[in-house]
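> Following is a predicted model, sequence given first.
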Amino acid sequence: MVLASVGKTVQLQKKTENIRNICILAHVDHGKTTLADCLISSNGIISSRLAGKLRYLDSRADEQIRGITMKSSAISLHFEKGDQEYLINLIDSPGHVDFSSEVSTAVRLCDGCIIVVDAVEGVCPQTQAVLRQAWLENIRPVLVINKIDRLIVELKFSPQEAYSHLKNILEQVNAVTGALFTSKVLEERAEKETETQIISDSVPGDQVYDWSAGLEDTDDSHLYFSPDQGNVVFASAIDGWGFGIEPFAKLYSQKIGIKPAVLLKTLWGDYYLNTKAKKIMKGDQSKGKKPLFVQLVLDNIWSLYEAVMKRDKDKIDKIITSLELKIGAREARHVDPRVHLNAICSQWLPISEAVLSMVCNKLPSPLDITAERVEKLMCVGARTFDSLPPETQDLKNAFMKCSSEETAPVIVFVSKMFAVDSKALPHNKPRPLTQEEIAQRRELARQRHAEKLAAIQSQELPEKALCGNAPETTGKTGETKGDEQQLTSQIEVMTLKTVKQEADTKESFIAFARVFSGVVRKGQKIFVLGPKYDPSESLHKLPLGCSAEDDLPSVPYMACCILENLYLLMGRELKDLEEVPSGNVLGIGGLHEFVLKSATLSTSPACPPFTPLNFEATPIVRVAIEPKHPSEMPQLVRGMKLLNQADPCVQVLIQETGEHVLVTAGEVHLQRCLDDLKERFAKIQISVSEPIIPFRETITRPPKVDMVNEEIGKQQKVAVIHQTKEDQNKIPEGVQVDSDGLITISTPNKYATLSVRAMPLPEEATRLLEENSDLIRTMDQFNASLNEDKKTHEINQKTLDKIQEFKQKMEQNLQGRKWRNAVDQIWSFGPRKCGPNILLHRFEGYKKSVWQCLDKTTKEVSKYRDFDNSIVSGFQLATLSGPMCEEPLMGVCFIVEKWDISKVEEIMSTKRQHSEECDATEWKQDEDEATCLSRSHITECSSEDKEFKGSSQGSPKSSEKSSKRKGEALLADCYGPFSGQLIATMKEACRYALQAKPQRLMAAMYTCEIMATAEVLGRVYAVLSKREGRVLQEEMKEGTDMFIIKAVLPVAESFGFADEIRKRTSGLASPQLVFSHWEIIPSDPFWVPTTEEEYLHFGEKADSENQARKYMNAVRKRKGLYVDEKIVEHAEKQRTLSRNK
């Protein structure tokens, strides 16, 4: 046990090759924090007896109550291996899906990770998610199979069964890694293919196609987990033991007389020991023999557990003496056999030794950072490494060297900001006094006491002398003086107390960061680079070789700040540091005004901002918040700002209605955010609305059967209850509707006419648009820069290929007579120009499309040029809020079939001629006035005139804009500017086109994975069916009595779902909810019965539950829109509960 001092840690921080930055990743409840406790206890920070019970890195009260980790926290550990000393910066991360953003912040700062898997539950959804996150960040994993004691104690497996079960778990983990590796190889192959195609097109001759996928040539052996490679540890963290197969190989090589290298290769696998020949043979199962791993390793552990659990004292003593262990009398006499077991196992096979030695051997140091990872970190968005400025590319060497030299540029990445109580900061903590200080204080106290006595005695003497003359007056004045002194002293004490309280209650923000290059020093001045900072645009504005110390011109997304404090993160404690060399994880104080959630810090302005963190969970649960007392609104606003900074995943919005909205990843996350807001950041009572559930609006093809599965059109219509009338009432006069849903509408001033039709997009096309929203945003930015004739950085070939591929996929998904040439006619995407709806143009004389970036066409000149943006804006507004309940649209295509602006052209031409004539007369008058001026004035005017002419000739853009403005001014009338009228008309046309088709609501869906035992399976199904859930599959986990149920559940029905399942199953089943997709609710929200069969089935009012209408009305009520529902029926009739007697 080593209790490392801060001084020792500071020394180790300078040896970069001996630093390991690692995080522990796993599914919820697989034992990450317990494992972290065991590793911390090896450093003497906590007692080994408390390891697993204390959960040292879960420092929040709600983490301790719930028993799950909610935030990632770091600690620095010291480990000695042979003559080498290592510094291990360990980060414990949450496993709950709601807090997967914390995993992303931890993974970015690390070079390696420990994947923990429960031996009973095996690979779970979050295990796959964390393996994927580690893969995306290019960090190397090692595996710990934890809770092996459960196989012995709970499942009562034999060693042979346990071996085959462990083998299955390893295969599952390797299958996940293999899938990630295969996808990467195939991607690289696809890239190579496009390159070779370009070359082969230019080279004539026969081309031979290579059918191999490239997987045969690539070496992937180092990726997989295998005990013989030394990257797997079998453990039971709660019992304090863990082992790799190396120590057993060394131990048995001496006993059996077989080389350790041979044993290392054969201890895991289908090998058995032939005791007569003292040889290791292959094929244990075919010959019915025990595998080596079972015979030499598992049998021993099983016999130890059996002896301790059955309290077989003789056998225990024999084991202890043969292993040469020392067990305390207290542990041996303890009532709980697990305490005795822990004492034996933690000495025989200490888990910290096994895990930390594996970390030091198998995980890379900061020096071993790969070039691929550096390039990935430095390239934001669609940029490639080669397109970065040369100064920026030179920084790659600084990354690779990870040097702590004075000349090396400082590069630091802040992955998150976390709030700490000001009392916990080192400079605010009360420190123990030294002997000298105690003696000084004692002396001071004595002096004060002596002075007080002397003052009292000196007052008493003159009082006695003057007591005969004026006893009353002096007494009174003395009293008043005394009272005044008391009052002032009380006021001082009160003010001091309030100041102290303010200081105590204040939250301080600390940046969770890592140094990638250079040395960070306390008080150093450094650049803070925001996520949108672009060195290629900013470097030419700054002088060469400038630093943060210089006075520099302001550059967008770049600020300068001073690093006030540097901290060593020690779990619940912080230690002050003066400087931190590269390759270390640290906390930085004083950045709260400069960094919101994450940022890049550097002394070089050439440094690009790091790629943004990729979060697995999308925030979807929204609630509106308001203070109980309206006067406390400023505290709430301030509190929400602090919460937004302290949580990497939360979003804080103020809606158009003025509501303050909190968007979180799930129910547990929401609860934590609300607790933080009440108790830490705002410190006020708040009232929280019901969750705001997101919906989408769409249209479908007209249904072929009605609500009672009769073919539409063939049944006898008895009565149509106002349906056709209602449909006609929806659409006002002046709007023409064709039988196939084409809407024709004119602007209020009748200058322009639009014909718009709405069509549902195929599901595949909608999904494709959703997946490629970032690519569509890139296309839009590039098209905008082309239209404005800006000189932007060239879009790289890789992105162009992606756009081309996206276009081809769209063409594949939009096939058939209706969609002929549709992809080339795409005018815009919406809402926000990157959503899952499209706008097509099918009128003559217009050729603009979103694929400008592929053919590099500049903006076209046509009669529609001045007003086409108004149509697009109208479409954006229409897709942002649909007619049903003002929710965004999804999967809808609007086609502009006709756009007639011939009247506008006539009016524009006549008014232009008139304005030109006016201009000419004005010009003549100006000339006459100019001749009257003196010569000196003429010369001045002429020089100015030259300048003016030059400027007007040099900027055709400005003249173009002014002509556009003139056109706008000419067309403005009592209905407002013409462009505004077009926007409003287009919006209305889209809404009416939508209402002419069968409308449907789309609900957000969660995928839900539930692990449950057979006896509670029925109850799980009952809860799912009650909440509109749909079971997709159910499978039994091999070797256990657990079932895995995969289902989909609407987000609207998910609130309280986890609690209900736990209650109904007595805690035996717990669900994991992850946002998956949007799904159409099949029922029509506006449906009323129209046929005889529907009457018979649903009754006259059809007041049975219509799910879509229920959701629609709930959203309309919340938004304050009109809700068509009868509150009172049969008001004149008296209804009595009791029967008339």
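That came through, no problem.
> quick one, domains of the chain?
1-190+224-240+350-365, 245-349, 371-424+504-602, 621-692, 753-856+863-904+979-996, 1002-1119 (the TED database).
> Among those domains, show me which one is buried the most.
domain 1-190+224-240+350-365 (a mean of 20; mean count of other C-beta atoms under 10 Å). Quick note: C-beta positions are derived from backbone N, CA and C, even for glycine.
> what's the spacing between it and its chain's center?
22 Å (C-alpha atoms, centre = their mean, to the nearest Å).
> Of all the domains of the chain, which one comes closest to A450?
domain 371-424+504-602 (34.6 Å; C-beta to C-beta).
> and that closest one, what's its mean pLDDT?
Averaging pLDDT along domain 371-424+504-602 yields 85.
> Tell me who's in contact with G518.
A398, S403, S404, E405, A408, P409, V410, I411, S582, T603 (C-beta atoms under 8 Å, 6 or more residues apart in numbering).
> Secondary structure added to those residues, as a markdown table?
Formatted as a markdown table, these follow (DSSP: H, G, I helix; E, B strand; the rest coil):
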| residue | secondary structure |
| --- | --- |
| A398 | helix |
| S403 | coil |
| S404 | coil |
| E405 | coil |
| A408 | coil |
| P409 | coil |
| V410 | coil |
| I411 | strand |
| S582 | coil |
| T603 | coil |
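> Mind giving me the packing neighbours of the longest strand seen in the chain?
When the chain is parsed with DSSP state E, its longest strand is strand 999-1013. Secondary-structure packing of strand 999-1013 (3 or more C-beta pairs under 8 Å, 6 or more residues apart in numbering; DSSP states H and E): strand 695-699, helix 1017-1026, strand 1042-1050, strand 1070-1080, helix 1107-1119.
> One more pass at 7 Å, please.
On a contact count with 3 or more C-beta pairs under 7 Å, 6 or more residues apart in numbering; DSSP states H and E, strand 999-1013 meets strand 695-699, strand 1042-1050, strand 1070-1080, helix 1107-1119.
> hang on, the earlier thing: from the contacts of G518, which is closest to S352?
Using C-beta to C-beta, S582 is the member of the contacts of G518 that lies nearest S352, at 26.9 Å.
> What are the phi and psi values at that closest one?
S582 has phi and psi values of phi -70, psi 150 when expressed as degrees, to the nearest 10.
> residue ranges with poor pLDDT in the stretch 701-850 of the chain?
Within the stretch 701-850 of the chain, the ranges that satisfy pLDDT under 70 run 706-731, 788-796.
> wait, which of the domains of the chain is closest to E443?
The nearest among these, by C-beta to C-beta, is domain 371-424+504-602 at 29.7 Å.
> For the closest one, measure first residue to last.
Counting by C-alpha to C-alpha, to the nearest Å, you get 20 Å between the two ends of domain 371-424+504-602.
> So what's the gap between it and the chain middle?
Worked out by C-alpha atoms, centre = their mean, domain 371-424+504-602 lies 21 Å from the chain centre.
> just stretch 444-451 next, same as before
61 Å.
> Please save the CA atoms from that stretch in CSV.
What follows is stretch 444-451, C-alpha atoms only, in CSV (Å, rounded to 0.1, in the frame of the first residue of the first chain):
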residue,chain,number,x,y,z
LEU,A,444,-1.5,37.1,21.2
ALA,A,445,-4.5,36.0,23.2
ARG,A,446,-2.5,36.6,26.5
GLN,A,447,-1.5,40.1,25.4
ARG,A,448,-5.1,41.0,24.5
HIS,A,449,-6.3,39.8,27.8
ALA,A,450,-3.6,41.7,29.7
GLU,A,451,-4.5,44.9,27.7
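> The nearest residue to P619 once chain neighbours are set aside pairs with what?
Take P619 and drop its neighbours on the chain: the residue closest to it by C-beta to C-beta, 6 or more residues apart in numbering is V663, 4.4 Å away. For V663, the beta-bridge partners are R622, Q651 (DSSP bridges).
> Quick one: residues contacting V663.
Counting by C-beta atoms under 7 Å, 6 or more residues apart in numbering, V663 touches P619, R622, V650, Q651, L653.
> Please identify the helix or strand for I88.
I88 belongs to strand 84-92 when assigned by DSSP states H and E.
> Show me the one of the domains of the chain that comes nearest D738.
Closest approach to D738 among those (C-beta to C-beta): domain 753-856+863-904+979-996, 8.4 Å.
> now the end-to-end length of that closest one.
Domain 753-856+863-904+979-996 has an end-to-end distance of 19 Å (criterion: C-alpha to C-alpha).
> For the closest residue to N43 other than its chain neighbours, name its beta-bridge partners.
Nearest non-adjacent residue to N43, counting by C-beta to C-beta, 6+ apart: L77, 5.1 Å away. Beta-bridge partners of L77, counted by DSSP bridges, are I88.
> show me what contacts L77?
L39, I40, N43, I88, L90.
> One more: F418?
So F418 contacts K71, I510, F512, A646 (C-beta under 7 Å, 6+ apart).
> Tell me which of the residues you listed fall in helices.
In helices, defined here by DSSP state H, the members of these are A646.
> Nearest to V185 among the contacts of F418?
Using C-beta to C-beta, the contacts of F418 come closest to V185 at F512, 34.0 Å.
> Tell me if I'm right that that closest one and A419 touch.
No. Using C-beta atoms under 7 Å, F512 is not in contact with A419; the gap is 11.2 Å.
> picking that back up, export the contacts of G518 as JSON lines, with columns for distance to L1024.
Below are the contacts of G518 laid out as JSON lines (distance: C-beta to C-beta, whole Å):
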{"residue": "A398", "distance to L1024": "54"}
{"residue": "S403", "distance to L1024": "57"}
{"residue": "S404", "distance to L1024": "57"}
{"residue": "E405", "distance to L1024": "61"}
{"residue": "A408", "distance to L1024": "58"}
{"residue": "P409", "distance to L1024": "56"}
{"residue": "V410", "distance to L1024": "54"}
{"residue": "I411", "distance to L1024": "50"}
{"residue": "S582", "distance to L1024": "52"}
{"residue": "T603", "distance to L1024": "56"}
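> tell me which of those is nearest to L889?
Closest to L889, out of all of the contacts of G518 and judged by C-beta to C-beta, is I411, at 44.0 Å.
> what are the ranges of the helices in the stretch 751-900 of the chain?
With helices called from DSSP state H, counting those that start in this stretch, the stretch 751-900 of the chain shows them at 763-771, 773-787, 797-813, 852-855, 868-880.
> Next, the contact list for N584, please.
By C-beta under 7 Å, 6+ apart, the residues touching N584 are Q13, I19, N89, R514, V515.
> any idea how far it lies from H78?
Using C-beta to C-beta, to the nearest Å, N584 is found at 14 Å from H78.
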